[in-house]
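Q: okay, structure incoming, though there's no sequence with it:
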C-alpha cells in the first residue's frame, strides 16, 4: 500500500469556457516560478491541455478519467506521477458536476472524491455582479460532501465591478482576474492549438499569478488528506521489441499511460516523424491521433508512406487510431482534394464540415490480427470530423457497445497485422502485452 501526503488542488469551473484552463496554466506557472516542482493533471480524455501543462511545468501531464481507467487506476496514476513533486494541480473538465450522460461518472467532482482533492471554483463574472454568489452557493450546496475551498473570479471588468461582488462574499476569494484578451488561446477547427504551435507562453499569463492569492491556494492544497493506493510493481521488462511511435505535428495525441504500458510490456519506443523521416527499422508501428488533414501534402509525398505499406504487407504489426487510422487508409480527401495515404487499409477517408462522433467508447476485440486478443476490452473516446468509406467485404475486429466506431458500432478495420480504429483507446495491460507479443511473433517469422 502506497500512502502519500502530496499537496494538491483541483481547478474546477462552472462550465466550459469559464477560464479554468487559463487559471490552471497561470497558477502552474506562478508556482513553478516560486521554485515548486509542479505535477499537472487533466480530468477527462483531453490531449491538448496536457501539452500546455507539460510546457509550463517540465513534467508530463497525466489524464485522470474514471470511465477509462477505473477509480483505482485514477489513484495509481495520480500517486505514481506525483513522485518527486512538491504540489499537484488538477485541471477539471466542463462544469464541476458534468459527467457521463448527465451523471456524476467521470465528472470533475467524481475525480475530486477519488483523490481527495480540495477545489477552487472558477467563475466567469462578465455581465454579472451579485448574481455570482447565487451560482457559487448553488455549486456548494449541490453536493456538500465536496471540499470547495474558495473561488477565483475571472474577467473582472473594473475595480468597481470587483467591489460590487466582494461586498457579499461568503467563501474565500483566491483571485480576481481582470479581462485581458491576451489570456485567450487561439482556437481552430478541432479545438485549441497545441502548445508546440505557440512560440512561447504569453506574458499575459503572468496576470493570473499576480491576481491570485498564491499563499492561500498553497495552504488549501497543503490541507489535502493523505491518499493511498495499491501500486503494483511497474518496473519495465527488458526490451524485447522496438515499437516506432509517430510523433510530430500530424500525430501528437497519446496518453502517457499507454506509452508506459508498452514499455512495461517490453517495448523500446522509438519516436519518428512520418512527415520528415523515412520509416525507422522496428518490430511494430503505432500511429496516434492528431491532424493529418493539416499535413496531407507532405504525408502523401514522404518516403515513409511507401515504406510503411511494404512493412505492413510483410506482416509487421501496425496500429493506428483516429488520425493515424486516416493515414493508414487508401486516401484522404481534404476540401475536395484527394491525397494518397499509406494504402494499407481498404477505405477512403474524407474530412467533413461537422463533427461525426464525440463521446466515450466501450467494447471488445472480437477476432483478427495477433494483437486483437478476442474478448480484450476496448475503452476510450471518439472525437473526429471525418468519415471512412469501406467496401462491403471490409473486416472489423472491434465490436462497440457504446460509441459509433467506423460504421454501426464496428471499429478496428484490419488487414494482415494492421488495425485502424476511430477510438482513442486507453490501453489495458492485456492489450499492451498483446501488441508486444505480436511484434515478437512476427519478428520470429
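A: Yep, it's here. These numbers were taken from a predicted model, which means no experiment stands behind them.
Q: domain assignment for the protein?
A: Under the assignment automatic domain parsing, the domains of the chain span 2-229, 241-444.
Q: would you turn those into CSV with mean pLDDT and mean neighbour count?
A: Every C-beta, even on glycine, is put in place using the N, C-alpha and C of the backbone. CSV is the format used below for the domains of the chain (pLDDT from 0 to 100; neighbours: other Cβ atoms under 10 Å):
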stretch, mean pLDDT, mean neighbour count
domain 2-229, 92, 19
domain 241-444, 96, 20
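Q: skipping adjacent residues, who's closest to residue 346 in space?
A: residue 391 (5.6 Å; Cβ to Cβ, 6 or more residues apart in numbering).
Q: repeat that for residue 67.
A: Spatial nearest neighbour of residue 67, excluding adjacent residues (Cβ to Cβ, 6+ apart): residue 106 at 4.1 Å.
Q: from residue 159, how far out is residue 174?
A: 18 Å (Cβ to Cβ, to the nearest Å).
Q: so residue 86 touches residue 32, yeah?
A: No - in this structure, residue 86 is not within contact of residue 32 by Cβ atoms under 8 Å, at 10.1 Å.
Q: what residues do these two have in common as contacts?
A: Common neighbours of residue 86 and residue 32, counting by Cβ atoms under 8 Å, 6 or more residues apart in numbering, are residue 38.
Q: which strands or helices does the strand or helix carrying residue 332 pack on?
A: Using DSSP states H and E, residue 332 sits within strand 331-334. Contact here means 3 or more Cβ pairs under 8 Å, 6 or more residues apart in numbering; DSSP states H and E; on that basis strand 331-334 packs against strand 337-340, strand 347-351.
Q: pairing partners for whatever helix or strand comes next after the longest one, with directions?
A: Going back to what we said before, that points to strand 347-351. Counting by DSSP H and E, the next helix or strand C-terminal to strand 347-351 is strand 357-365. Here strand 357-365 is paired, per DSSP bridges, with strand 377-384 (antiparallel), strand 396-402 (antiparallel).
Q: how near is residue 99 to residue 303?
A: In this view, residue 99 and residue 303 are 46 Å apart by Cβ to Cβ.
Q: same thing with residue 392?
A: Using Cβ to Cβ, residue 392 is found at 33 Å from residue 303.
Q: with residue 237 instead?
A: Residue 237 sits 33 Å away from residue 303, going by Cβ to Cβ.
Q: what does residue 367 give?
A: 34 Å.
Q: ok, residue 413 next?
A: Distance, residue 413 to residue 303, by Cβ to Cβ: 25 Å.
Q: same check on residue 276?
A: Taking Cβ to Cβ as the measure, residue 276 and residue 303 are separated by 10 Å.
Q: follow-up on the earlier one: so in that sheet, which strands flank the strand holding residue 332, and in what orientation?
A: Strand pairing for strand 331-334, determined by DSSP bridges: strand 337-340 (antiparallel), strand 347-351 (parallel).
Q: just to be sure, residue 298 is in a helix?
A: Yes - applying DSSP: H, G, I helix; E, B strand; the rest coil, one finds residue 298 inside a helix.
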